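>>> have a look at this prediction, sequence included:
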Amino acid sequence: MRRIAVIGAILEKPQLSQKAFNETVSLYKEIVKGRMGIPFDEEDMAVISLTLLGELDAINALTGKLGNLPHVTVKTAVSGMLKSEQEEG
């Protein structure tokens, strides 16, 4: 079943992690519906928010891969069943 999810990520020392982060996100571009990034240059950090719509397995896989990157911390919030899917079942 598809879900809506938000991944919040903090990249510490983004110069060391941003390339791998972007490459990983691009592997899941079919479920990424939005992205917002805010640099905190004075703190040597960046905050990135990803909005997703996809299967729970894909959301979890992306979250896991991002969370395993050095200097990256992630948290994910996932919706319940979508209304459109409740009507189908």
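Yes, it's here.

>>> and residue 49, how many neighbours does it have?
Residues lying near residue 49 (other C-beta atoms under 10 Å) number 13. Heads up, the C-betas are built off the backbone N, CA and C, glycines and all.

>>> sorry, that was for residue 31
19.

>>> likewise for residue 80?
Applying other C-beta under 10 Å, we find 9 residues neighbouring residue 80.

>>> repeat that for the one 5 residues further on.
The criterion is other C-beta under 10 Å. On that basis, residue 85 has 11 neighbouring residues.

>>> tell me how far the closest residue to it other than its chain neighbours lies from residue 24.
Nearest residue to residue 85 in three dimensions, chain neighbours excluded: residue 1, at 5.6 Å (C-beta to C-beta, 6 or more residues apart in numbering). Here the criterion is C-beta to C-beta, to the nearest Å. By it, residue 1 lies 24 Å from residue 24.

>>> need the pLDDT of residue 89.
Per-residue confidence (pLDDT) for residue 89: 58.

>>> I figured residue 9 hits residue 18, correct?
No. Taking contacts as C-beta atoms under 8 Å, residue 9 lies outside contact range of residue 18: 10.4 Å.

>>> between the two, who's got more neighbours?
Per other C-beta under 10 Å, whichever of residue 9 and residue 18 has more neighbours is residue 9, with 22 against 18.
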